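Peer 1: just coords:
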């Protein structure tokens, strides 16, 4: 099933609130709830050596956000 597949996108950090983080993929800005980024969340964020961030998320979530 494609809905369970994961994809990576490269983003930049923009802003953070107590509930969410705002990222920019170079085309658009989008919010990710911190609950989705928790240890047992469905989105993983990893900082790269160049300062960018790799988000690994389900393809259906990225599709719904218009990111892939």
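Peer 2: Now that the structure is in, tell me what you want to look at. Computed from a predicted structure; not experimentally measured.
Peer 1: Give the buried residues for stretch 5-20.
Peer 2: Neighbour-count burial for stretch 5-20 flags 9, 11, 20 (criterion: 16 or more other C-beta atoms under 10 Å). Yep, even glycine has a C-beta here, placed from its N, CA and C like the rest.
Peer 1: roughly how far is it from the heart of the chain?
Peer 2: 4 Å (C-alpha atoms, centre = their mean, to the nearest Å).
Peer 1: follow-up on the earlier one: mind checking which of the buried residues of stretch 5-20 land in strands?
Peer 2: Among the buried residues of stretch 5-20, the members falling in strands (DSSP state E) are 9, 11, 20.
Peer 1: how about the first one, what does it touch?
Peer 2: Same thing as residue 9. 25, 54, 55, 57, 62, 67, 68 (C-beta atoms under 8 Å, 6 or more residues apart in numbering).
Peer 1: rerun that using 7 Å as the cut-off
Peer 2: By C-beta atoms under 7 Å, 6 or more residues apart in numbering, the contact set of residue 9 is 25, 55, 62, 67, 68.
Peer 1: Residue 4 now?
Peer 2: Residue 4 sits in contact with residue 58, where contact means C-beta under 7 Å, 6+ apart.
Peer 1: Can you pull the phi/psi pair for the residue nearest to residue 5 when sequence neighbours are not counted?
Peer 2: Distances taken as C-beta to C-beta, 6 or more residues apart in numbering place residue 59 nearest to residue 5, at 4.7 Å, with adjacent residues excluded. The phi and psi values for residue 59, taken as degrees, to the nearest 10, are phi -60, psi -40.
Peer 1: What is the neighbour count of residue 59?
Peer 2: By the criterion of other C-beta atoms under 10 Å, residue 59 has 15 neighbours.
Peer 1: Dig out what the spatially most central residue of the chain forms beta bridges with.
Peer 2: What sits nearest the mean C-alpha location of the chain, by C-alpha atoms, centre = their mean, is residue 55, with 4.2 Å. Beta-bridge partners recorded for residue 55 (DSSP bridges): residue 9, residue 45.
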